[in-house]
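> Give me the fold of what follows.
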Amino acid sequence: MIGPLPDPTAVFEALRADTDAERASERLTALVRDVVGIVHRDVQDIVVDDATWGSGVYAGEFGSGDRIRVWQAGVDINDFTTKTRAKVDGLFRRALSAAGSWGYQIKWWTLALPAELGVPDLKRWHAWARATKKETGVTIVLWTASTIRRHLLSREGETIRREHLSSILAAAPRTVQELDDEAKYENTLFVRQLKEAKVSETGPAKAAFFNAEILNREVSDKSVPAEQELLREWRMQVHATWADVFNEACLASDENVLPGVVKAVSDLIHEDRADYSARMRASTIHGVGIMHQTVEAGRAGWVRDWRSVVTTHNEERTTSPLGVAATGGTSGSA
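Residues are numbered from 1 along each chain as shown. Below you'll find the model as predicted:
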């Protein structure tokens, strides 16, 4: 499981630090080629002679009149000073000339960089791009590290991240934290629901809830769409697991207290739903904590009349400061 993408510069830090310039260029070229495939489904590889076209010219989208789009990767470009501008202009002119020699007209030329350009460099880039387009009629586009990163964050980009960046983004598993003060959650709804179900030892549930809160905040703060969506699916699966067990227990007994429901749900999360924790680089304890977050949000419970428990708890919380739950500021939503 690869981790979430860090900030744009850090994504390509290892690639730019590669002392083998040729290998680094090939890696970036291959990555950008696949990213282009997300944006332009009809892209085709162009088998070219680097000595003629220039290193990194790799793909084209062929339109009417033999007009093509070309993307070029510049692994060692991180500014746009006079020297760099001359280098980029040389890359562009060689590609333009090579395409013309084969009877193709470049319609769109994109330079992809594994770095960000500062404001002065961006101003110089845009000035060069405007002047070059006016001279040649070719639209000049810049893809910086943040541009490439945004494409990689798409659903289609997940496979590309795994293929090209797994060694860079191999993230450590999320650890489980200990809860030092169990009294912190004593007045919460999820603990009250457990006690209504005659569960006397609530310490493990509090610890699981605590870790799920940490996971929730981390995913929310990083705002990685793929992780946010996966956490949302995990919550839905956990809720569905509870509903299945709860409904069966209600059919088996007319009593308000339904023995074994808490354990049965926990067991299923640890076993049948373990795939979600692995994909999130989390522990199944986080999954159990998500279940308790769902209860805390008033969407589930452990006794037949759990909704009455929710109503009573909320009324008491409104009228008495002692009833306010110290939950860390979340209500179980991603």
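> Give the residue spans of the protein that score low on pLDDT.
Residue ranges of the chain with pLDDT under 70: 1-20, 42-65, 166-172, 273, 320-334.
> hey, which helix is longest across it?
Longest helix in the chain by number of residues (criterion: DSSP state H): helix 225-252.
> from the chain's centre, how far out does it sit?
22 Å (Cα atoms, centre = their mean, to the nearest Å).
> Likewise for stretch 94-110?
For stretch 94-110, the gap between its own C-alpha mean and the chain's C-alpha mean amounts to 36 Å (Cα atoms, centre = their mean).
> Using the record's assignment, carve this protein into domains.
Following automatic domain parsing, one finds the domains of the chain at 8-169, 182-323.
> now those domains in a markdown table, with distance to V176 and mean neighbour count?
Heads up, the C-betas are built off the backbone N, CA and C, glycines and all. Below are the domains of the chain laid out as a markdown table (distance: least, Cβ to Cβ, whole Å; neighbours: other Cβ atoms under 10 Å):
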| stretch | distance to V176 | mean neighbour count |
| --- | --- | --- |
| domain 8-169 | 22 | 17 |
| domain 182-323 | 5 | 18 |
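> right, and those - which one's nearest T175?
Smallest distance to T175 across the domains of the chain (Cβ to Cβ): 8.1 Å, for domain 182-323.
> and that closest one, how far out from the chain's middle?
Offset of domain 182-323 from its chain centre (Cα atoms, centre = their mean): 24 Å.
> Can you name the residues that contact Y276?
Contacts of Y276 were listed using Cβ atoms under 8 Å, 6 or more residues apart in numbering, and they are L230, E233, W234, Q237, G287.
> let's see 10 Å
Counting by Cβ atoms under 10 Å, 6 or more residues apart in numbering, Y276 touches 230-231, 233-235, 237-238, 269, 282, 284, 286-287, 290.
> Please report how far it lies from E213.
As judged by Cβ to Cβ, to the nearest Å, Y276 and E213 stand 17 Å apart.
> ok, now A145?
For A145, the distance to E213 - Cβ to Cβ - is 32 Å.
> Please apply the same query to E158.
Counting by Cβ to Cβ, the gap from E158 to E213 is 26 Å.
> One more: E156?
Distance from E156 to E213, counting by Cβ to Cβ: 32 Å.
> what do you get for G298?
Here the criterion is Cβ to Cβ. By it, G298 lies 16 Å from E213.
> what's the answer for R304, then?
R304 is 28 Å from E213, where distance means Cβ to Cβ.
> Contacts only, for H286.
For H286, the contact set (Cβ under 10 Å, 6+ apart) comprises 174, 176, 208-209, 211-216, 231, 234, 269, 276-277, 280, 293.
> Right, I'll call it a day here.
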